[in-house]
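>>> have a look at this prediction, sequence included:
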Amino acid sequence: MVKHNVSMATKSKLSLLAILFVLILMMSACSGRSSWPWGPKSHEDDDPFVTNAHTGTYGVVMRFTRENPARTVYYTGDPTPFDLVVEIRNRGAYDISNGWLYLTGFDKNIIQPFIVAPSGKTLPLFFAPMEGVSNFNPEGDISVVEFRNDIVSWPEGTDKYEPKVKIYACYEYETVANPIVCIDPHPFSSLEEDKVCRVQNVGMAGGQGAPVQITSIEEEATEKYVYFKIHIANANANGQVYDWQRVSYASGRDDTCPFNIQYTDKDKVHYEPPVWEGSADSAPQLESCKPPSPVKLVDGQATILCKYTIPEGLDEVYQTPFNIKLHYGYMNYEEQTIRIVNVAES
């Protein structure tokens, strides 16, 4: 009897957990938003012309379509064609003007790729321009690249060939953030006044619509200076940050993405010293930012320390946007294994 009661209690708990799990899924679906890169960023219940452009940690995202390539391709003799279709989307807030695709992972003596759409293109494929997410383009630009591949010169005595095909995207991108910070010329005032704001750290979870994110800002102040420690990080495990000057293939260099990026070019992020909007009379004046641009990520992270002078005679405490811009090259990829089986007649 005791065992029966324990079993019933366990079943009740499992049922309750299952119901809660379903409710969470339903709430996520109803919200119209997802951390998944292909999920919608906007929803019909949002205010008109308002989207979540500067959220998330994605730039370009890609995926192979479900039907192309097929999971198994049957080689019947030279040439045996098969299709490979890739969807590309700009899921960040920055408009891409310089971006390239490269298809690799297979022996080109066996598989010869040919770009069908867009027509007249060759590898590496220039895929820009692509608009980012905005109020007037709430899901970002999307494009499709179709490859018609011919299997030729099948190796004698080989029953199957299973290459892991990779599609790389190499592109310039930018992170823009405008956190609200507090400017207080008298941070140590002993008066019990009701200040409009206090000097404090700013958390910035969730990204700014770009693969390199500003994770937090630490603020410290004296009556003469205000200091900002800006923490940045590469948000994606399969993404590589590198010098934006190594994005383009047009110059014919041999040190470009994805295969020949030099160690000295990896993890480089260029930045502009953060600026202030509004009157110059009340805006803090830049003294210095260290390290100088470009900053190098270590273990995917870096810190920029900026020092500003508080204007003389400023007595007002106020909140203001702190404009931060990061500029970099970025590379990410998607991969899929293709199983090719030899059924050709000998």
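Structure's in. What do you need? Numbering: from 1, shown residues only.

>>> every contact and neighbour count from this point should use C-alpha atoms.
Will do.

>>> so what are the sheet partners of the longest strand seen in the chain and their directions?
Across the chain, the strand with the greatest residue count (assigned by DSSP state E) is strand 318-337. Strand 318-337 has the following strand partners under DSSP bridges: strand 164-177 (antiparallel), strand 180-183 (antiparallel), strand 240-242 (antiparallel), strand 268-276 (antiparallel).

>>> can you tell which of these is closest to R339?
Taking Cα to Cα, strand 164-177 is the member of the strands paired with strand 318-337 nearest to R339, at 9.0 Å.

>>> which of the residues in that closest one are buried?
Of all the residues in strand 164-177, those buried under the rule 16 or more other Cα atoms under 10 Å are 165-177.

>>> before we move on, what about stretch 339-346?
Within stretch 339-346, the residues scored as buried using 16+ other Cα under 10 Å are 339-342.

>>> ok, now stretch 101-114?
101-103, 106, 110-114.

>>> on the three-state scheme, S189 is what?
Following DSSP: H, G, I helix; E, B strand; the rest coil, we place S189 in the coil state.

>>> got the contact list for it?
Going by Cα atoms under 8 Å, 6 or more residues apart in numbering, S189 touches no other residue.

>>> how near is it to D315?
11 Å (Cα to Cα, to the nearest Å).

>>> what do you get for G207?
Applying Cα to Cα to G207 and D315 gives a distance of 34 Å.

>>> what do you get for W276?
18 Å.

>>> ok, these two, which is more surrounded?
A count of neighbours by other Cα atoms under 10 Å puts W276 above the other of W276 and D315, at 18 against 12.

>>> where do the helices sit along the chain?
Along the chain, counting by DSSP state H, helices occupy 2-31.

>>> domain ranges for it?
Listed domain ranges for the chain are 60-174+333-342, 175-330 (source: automatic domain parsing).

>>> make TSV from those and add distance to N52 and mean pLDDT to it.
As requested, these are exported to TSV (distance: least, Cα to Cα, whole Å; pLDDT from 0 to 100):
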stretch	distance to N52	mean pLDDT
domain 60-174+333-342	8	91
domain 175-330	8	88
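
>>> kindly check the end-to-end length of stretch 193-205 for me.
Termini of stretch 193-205 sit 31 Å apart (Cα to Cα).

>>> next one: phi and psi at the closest residue to V165 other than its chain neighbours?
Setting aside the residues directly before and after it, V165 is nearest to G105 in space (Cα to Cα, 6 or more residues apart in numbering), at 4.6 Å. Per-residue torsions, G105: phi 110, psi 0 (degrees, to the nearest 10).

>>> still on that earlier bit, so which of the buried residues of stretch 101-114 comes closest to P291?
Minimum distance to P291 across the buried residues of stretch 101-114 is 32.4 Å, recorded for L101 (Cα to Cα).

>>> the closest one bridge partners, please.
Counting by DSSP bridges, L101 is bridged to L125, A169.

>>> unless I'm mixing things up, it is touching L125, no?
Yes: L101 lies in contact with L125 (Cα atoms under 8 Å); the separation is 5.0 Å.
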